[in-house]
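Visitor: predicted model, plus sequence, below.
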Amino acid sequence: EQAETEKSAPAKAEEKETAPPQEKKDVEAGVSLAPESREKKRVEPGRPARPPLQESEARVKASPVARRIAAELGVNLASVNGTGPEGRVTETDVRAAAKPKPEKAGVSPAPKQPTRLPLQGEGARINLSGMRKGIAERLVQSKAPVPHFYLNIDIDASPLMEARAELKSAGEDADTSKITVNDFVLKAAVMAAVRVPKVNASFDNDAIVQYADVDLGIAVAIEDGLLTPVIRAAQNKSLREISELAKDLANRARNKRMKPEEFQGGSFTVSNLGGMGIDSFSAIINPPQGFILAVGKINKMPVIDNCDQVVVGHRMSIWMSCDHRVIDGALGAVYLKELRHLLENPALLLV
């Protein structure tokens, strides 16, 4: 009050005379001033002083009790709809405005970041190795942006078993005796890609890159994760050469004696978990490759032969995971048809 009654500098005298008194302005605005507002308010010890009113709040019609409750609850009076006479804000209005509003139907609150809680019975927390981090990053790069779709066939593996037994009968000292069923699958996968060259490709932004060579990736499980050594220009390799290279690469991968360029690139990959007792599975594409084959184990099962008789047969399941940007369903089916023909006629793979 003392500041208001003091005379201002001459430059401001005119302005002060023309400006209406603050009290009158408040009365014209319909603000009822409580007697204590004109006096210096005592602040009780331990109780925070009431913050000054904003201009928008000062113009609101409200009872003194409503103003006090609003200050205590942190409610902006300008945002409260008054239900009292002439729209005056009452204590009830302030308390109603302070209550949390129910969520609107169909609108979900913003998700909170989950706090990591210790797992039940957690014994150890193992930090990722560099290889595991690399595998995680590449698989996320593949599964998230690459549109996967899956095709499956069952192979009559009886001819493969017979061919394998015949090669093994040549004696353990013979090179051909070391050829495995998986080697037949690798050779067949390469030959089928040569016969259906459109699958030997990858997606590259605004184009599909079709490869001149079939660079065959072989999934090899190692202690720290997974490596995919590559047999370069596999279309020029015989069954025996593919068998020898696959064993050499797998052995060096498990013993960590590989050069980086030996497991980089590749047209497509073959992953075989049949030796670990897996009947069938689907695999994630190794980008930027166009597909991956997942090979299960050979199972004995009752089958119906050409004479409609139930006999004991051998069946092997093969899944093909395709990048739909490169390979359509029909193209994938043509490739698998060729792969089946080669595996069910293994003599074609010995040429």
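Guide: Okay, I see it.

Visitor: can you pull out the low-pLDDT segments for this structure?
Guide: Within the chain, the segments meeting pLDDT under 70 span 1-59, 101-122, 141.

Visitor: which parts of it belong to which domain?
Guide: Per automatic domain parsing, the structural domains of the chain span 2-98, 134-350.

Visitor: where do the helices sit along the stretch 151-300 of the chain?
Guide: Per DSSP state H, counting those that start in this stretch, the stretch 151-300 of the chain carries helices over the ranges 158-168, 181-195, 239-254.

Visitor: of the domains of the chain, flag the one that's most buried.
Guide: Neighbour counts (mean count of other C-beta atoms under 10 Å) averaged over each of the domains of the chain peak at domain 134-350, with a mean of 17. Using the backbone N, CA and C atoms, a C-beta is placed for each residue, glycine as well.

Visitor: now do the end-to-end distance for it.
Guide: Across domain 134-350, the terminal residues are separated by 38 Å (C-alpha to C-alpha, to the nearest Å).

Visitor: then stretch 133-151?
Guide: End-to-end distance (C-alpha to C-alpha), stretch 133-151: 29 Å.

Visitor: before we move on, the earlier item: take the helices of the stretch 151-300 of the chain and write them to CSV, including distance to L336.
Guide: Compiled in CSV, the helices of the stretch 151-300 of the chain are given as follows (distance: least, C-beta to C-beta, whole Å):
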stretch, distance to L336
helix 158-168, 16
helix 181-195, 8
helix 239-254, 20
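
Visitor: I'd like to know which of the ones you listed is closest to E344.
Guide: Set against E344 and scored by C-beta to C-beta, the helices of the stretch 151-300 of the chain come closest in helix 158-168, at 5.5 Å.

Visitor: which strands and helices sit next to that closest one?
Guide: Contacts defined by 3 or more C-beta pairs under 8 Å, 6 or more residues apart in numbering; DSSP states H and E place helix 158-168 against helix 181-195, strand 310-323.

Visitor: re the thing from before, of all the helices of the stretch 151-300 of the chain, which one is nearest A283?
Guide: Closest approach to A283 among the helices of the stretch 151-300 of the chain (C-beta to C-beta): helix 181-195, 13.2 Å.

Visitor: just checking, what packs against that closest one?
Guide: On a contact count with 3+ C-beta pairs under 8 Å, 6+ apart, helix 181-195 meets helix 158-168, strand 216-218, helix 239-254, strand 268-272, strand 291-304, helix 329-343.
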